[in-house]
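**Student:** sharing a model that was predicted from the sequence below.
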Amino acid sequence: MIYSIVQPLSVEGETLTAAELRDLTGYLKLPHAAMVDVGSAARLLGVVFELADAQARETYARVEKIAETALIPTRTAEKQLRKLVKHGWLEHRGRRRPARGVRRRRTVTYRLTKKALTHRSPYAVWPRWLAGWKDLPPAAHLVYAVILSRHCLVETKEEDYGCLDGRRSISYSELQRCTGLARASISDALSRLSLPPALIEPSGTEYLGSQEPHWYDLIIPPGTQLHRQILNARRLPRKGSFFLGVDPEPEPSYP
């Protein structure tokens, strides 16, 4: 199956782009290499990159703060920090003294390793609003981040160079390469993302020698917190779904 990237749609006289969807509530950068190596813990690594001092490449933020920034439970953050240390992405430096003669900090210092700095890019962007979709499995978060990132990339490239048809698709093999997920996990993630209230939707009737859809569109489903955030940000009195790249049509209400 190929997931093709579509152009932004003009909604109520204004344009909603994938970049705006990404930036709506902020986002974290998930390195591809980290997703392959540690799975959903890549989200926590993105937080450490965000919180770390630019010069020292380390953070002494409380675990509760790290968990809050990643929008995950504290216990989950503790487990994922241990996993990142075990796999060589972070260095656990203990409770260090800020300077000679100063009491030790009450929090543990985590330092980004050479491995983390070397593989910081390429990365996928995980939008913070996606944390509101509680029923999505971790794999679906990674897959959506990769698809959204490709939308953003195509928008940027098309602004600079015009239409780039060759960059309008993302295959199963590329999703596997970026996330490290098995094909079955990717298929399940795409199915979960397509369930109401859906965040992606099959579009078009072309097939590539199989019974699978040729591409997927990004959707902001009506009646959800994300939909209300879009309306508030753009001040649009619209009640239906926003579609990126397809003409809007009346949508059913979801519970």
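**Tutor:** On my side now, so go ahead. Every value quoted in this text rests on a predicted model; they were computed, and no experiment measured them. Residues are numbered from 1 along each chain as shown.
**Student:** can you give me the distance of residue 55 to residue 94?
**Tutor:** Here the criterion is C-beta to C-beta, to the nearest Å. By it, residue 55 lies 20 Å from residue 94. Placement of C-beta: from N, CA and C, glycine included.
**Student:** let me fix that: residue 186
**Tutor:** Taking C-beta to C-beta, one finds residue 186 at 39 Å from residue 94.
**Student:** which of those two has more neighbours?
**Tutor:** Higher neighbour count among residue 186 and residue 94: residue 186, with 21 against 8, using other C-beta atoms under 10 Å.
**Student:** my hunch is that the more buried one is in a helix, does that hold up?
**Tutor:** Yes: under DSSP: H, G, I helix; E, B strand; the rest coil, residue 186 falls within a helix.
**Student:** which residues touch it?
**Tutor:** 139, 143, 172, 175, 176, 179 (C-beta atoms under 8 Å, 6 or more residues apart in numbering).
**Student:** again, but for residue 229
**Tutor:** Contacts of residue 229 (C-beta under 8 Å, 6+ apart): 24, 25, 129.
**Student:** if I look at it, how far off is residue 112?
**Tutor:** Taken as C-beta to C-beta, the span from residue 229 to residue 112 is 31 Å.
**Student:** related to what we said a few turns ago, may I ask which of the contacts of residue 229 has the most neighbours?
**Tutor:** The most crowded member of these, judged by other C-beta under 10 Å, is residue 129 (20 neighbours).
**Student:** am I right that that residue sits in a helix?
**Tutor:** Yes: checked against three-state DSSP, residue 129 lies within a helix.
**Student:** leaving out chain neighbours, which residue sits closest to it?
**Tutor:** residue 25 (4.6 Å; C-beta to C-beta, 6 or more residues apart in numbering).
**Student:** show me where pLDDT drops low in the stretch 101-250 of the chain?
**Tutor:** Residues of the stretch 101-250 of the chain that meet the criterion pLDDT under 70 lie in 101-106, 157-169, 202-216, 234-250.
**Student:** now the helices for it?
**Tutor:** Under the criterion DSSP state H, counting those that start in this stretch, the stretch 101-250 of the chain contains helices at 114-118, 138-161, 172-179, 183-194, 225-234.
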